[in-house]
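Chemist: curious how this folds, go ahead:
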Amino acid sequence: MAKLKTKWRSITIGYLLVSYFVIVVINHLPVSYFLIGLGIYFLLFIFIFLGTFIGVLGVLIQAFTQNNQKALPFYSLAYQLGTQNTTILATYGLLLLRNNEVNKALECFDKGLETNSYFLTTKTLMGNKAICYWKLGHLDEAIQIYYDFFSKYGAENQAFLTDHSYLEDRIHDVVKDNPYFFPQDFTTLGYLFILKEDYIKATFFTKAALSKQEDYAGAYDNLGQIAFRQDDLADAKKHFLKALELDENAPDTLYQIGLIYQIEGNQTEALLHLKKAKSCYLDGLSTITYEMIDTAINHPLPSVKQ
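Modeler: Predicted structure coming up:
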C-alpha cells in the first residue's frame, strides 16, 4: 500500500487518460459516463488517502480561520490514520512543537524525513528536528544536525569542518559555501553554542547570519546575549537596542534588556520592557517563558553601580 501511495499521481494521470480514451473515444459513450467513473475514482482516492484528505481539511481550516488550535484535531487524526504527506506532517509537528509537545513533534519530523524527497522540505524538517533536540536538552545532537547539513548540502572540503577553525575571515566562505543556510539557521546554530557557553562559535555563526542579512534582529539579540553572559553590559545593551530597533516587539530581546536596566538600577525602564515582553505571544519556539518574565518582575536583579 505504501508503494501504491507513492505512485498515486502517476496512476491518477494514467487513469484519466486511459478511461477517457476508452469510454469517450473508443466506445463513443457520453462524457457523463467518464464523470461517473471519475467520481468513483475520487471516492477510492479519499478512502486510500483518508489521512491526507483529513489533513488537507486541517490546512484549509488553519488558512481560513488563522486558528492553529481549530486545525490541530484534524492534523492529529490525519497522523493517526497514517498520512505520509510531508507538508501535513511538517505542519502538525510544528504545531506540536509550539505547544511544547516536543517528543510527539520529533516523531512527526522523523516520519516526514522517511518519505520526503524535496530538498528544501528536508532542510526544514532537519531544522525543526534540531529545535526538538534543543528543547529536550540534547544540544550536541541538535548541533550535529546542522553540521550534517553543512556536509551533505554545502560545498565540498569546507575548511572549518576539518580544522575546526572559527576565525572571522572564514565567515565569508561559510556563507558562500552554504547557500541554502538562511540567517535564521545561522542564528539558531549560534544560539545553541551560546547555551553551550562556546562563545567563539556562537559569535562566528551569528556574524555569518549578519553577513547573509545585515538587518537580522535575531542575530543582534544573539550578540547581546553573548556579551551579557561575558559581563560586558555596555556591548550587550548596544546589541539589544539594535535588535529592538529592527523588531520592537521581540519578547526575548525585551526580556534581556529589561534585565540590563535592572542591573543599571533603572527599574522604571526595566519594568516597562518586561511587561511588554509578557504581553507578547510565547510558545515552544521561544527562548524565554512567562515564568522567567514573572521571576524577573517579582525578583529584580540587584543594581550595580556604574
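Chemist: hmm, Tyr255 and Ile293 touching each other?
Modeler: Yes - between Ile293 and Tyr255 there is a contact under Cβ atoms under 8 Å: 5.9 Å. For the C-beta atoms, the positions are set from N, CA and C on the backbone; glycine is no exception.
Chemist: what sits in contact with each of those two?
Modeler: Leu274, Ala277 (Cβ atoms under 8 Å, 6 or more residues apart in numbering).
Chemist: spatially central residue in this structure, please.
Modeler: In the chain, the centroid-proximal residue (Cα atoms, centre = their mean) is Asn128; its distance is 4.7 Å.
Chemist: please look at that residue and Phe109 and confirm they touch.
Modeler: Yes - Asn128 sits in contact with Phe109 when judged by Cβ under 8 Å, with a separation of 5.2 Å.
Chemist: anything in contact with each of these two?
Modeler: Contacts common to Asn128 and Phe109, judged by Cβ under 8 Å, 6+ apart, are Ala90, Gly93.
Chemist: can you tell me what sits against stretch 259-277?
Modeler: 228, 233, 236-237, 240, 249, 251-252, 254-255, 257-258, 288, 293, 296-297, 300-306.
Chemist: please tell me how far Ala217 sits from Thr87.
Modeler: 28 Å (Cβ to Cβ, to the nearest Å).
Chemist: neighbour count winner among those two?
Modeler: Using other Cβ atoms under 10 Å as the criterion, Ala217 and Thr87 rank with Ala217 on top: 20 against 16.
Chemist: so who does that one touch?
Modeler: So Ala217 contacts Ala243, Leu244, Leu246, Asp247, Ala250, Thr253 (Cβ under 8 Å, 6+ apart).
Chemist: filter those down to the ones in helices?
Modeler: Those of the contacts of Ala217 mapping onto helices are Ala243, Leu244, Leu246, Thr253, per DSSP state H.
Chemist: so which of the residues you listed is the most crowded?
Modeler: Ranking the ones in helices among the contacts of Ala217 using other Cβ under 10 Å puts Thr253 first, with 28 neighbours.
Chemist: what residues are up against that residue?
Modeler: So Thr253 contacts Ala217, Tyr220, Asp221, Gly224, Phe240, Ala243, Leu244, Asp247 (Cβ under 8 Å, 6+ apart).
Chemist: any idea how far it lies from Ala296?
Modeler: 14 Å.
Chemist: Asn85 against Thr52, yeah?
Modeler: Yes - counting by Cβ under 8 Å, Thr52 is a contact partner of Asn85 at 4.6 Å.
Chemist: any shared contact partners between the two?
Modeler: With Cβ under 8 Å, 6+ apart, Asn85 and Thr52 have common neighbours Ala78.
Chemist: so Gly284 sits right up against Lys104, yeah?
Modeler: No - in this structure, Gly284 is not within contact of Lys104 by Cβ under 8 Å, at 11.3 Å.
Chemist: of the two, who's got more company?
Modeler: Just comparing Gly284 and Lys104: by other Cβ under 10 Å the higher neighbour count belongs to Gly284, 18 against 15.
Chemist: quick one: the residue nearest to the more buried one when sequence neighbours are not counted from Tyr153, how far?
Modeler: Leaving aside its chain neighbours, Gly284 sits nearest to Asn100 (4.3 Å; criterion: Cβ to Cβ, 6 or more residues apart in numbering). From Asn100 over to Tyr153 the distance is 30 Å, taken as Cβ to Cβ.
Chemist: those two - which one has more neighbours?
Modeler: More crowded of Asn100 and Tyr153, by other Cβ under 10 Å: Tyr153, with 15 against 12.
Chemist: show the contacting residues for the closest residue to the more buried one other than its chain neighbours.
Modeler: Excluding its sequence neighbours, the residue lying closest to Tyr153 (Cβ to Cβ, 6+ apart) is Tyr180, at 5.8 Å. By Cβ under 8 Å, 6+ apart, the contact list for Tyr180 reads Phe119, Leu120, Lys123, Tyr153, Gly154.
Chemist: distance of the last one relative to Tyr147?
Modeler: Look at Gly154 and Tyr147: by Cβ to Cβ, they are 10 Å apart.
Chemist: report the buried members of the contacts of stretch 259-277.
Modeler: Among these, those scoring as buried are 228, 233, 236-237, 240, 251-252, 254-255, 257-258, 288, 293, 296-297, 300 (criterion: 16 or more other Cβ atoms under 10 Å).
Chemist: on that earlier part again, just the contacts of Tyr180 now: which is nearest Leu113?
Modeler: Nearest to Leu113 among the contacts of Tyr180, counting by Cβ to Cβ, is Lys123 at 10.6 Å.
Chemist: does the closest one really touch Tyr153, like I thought?
Modeler: Yes - at 7.3 Å, Lys123 counts as touching Tyr153 under the criterion of Cβ under 8 Å.
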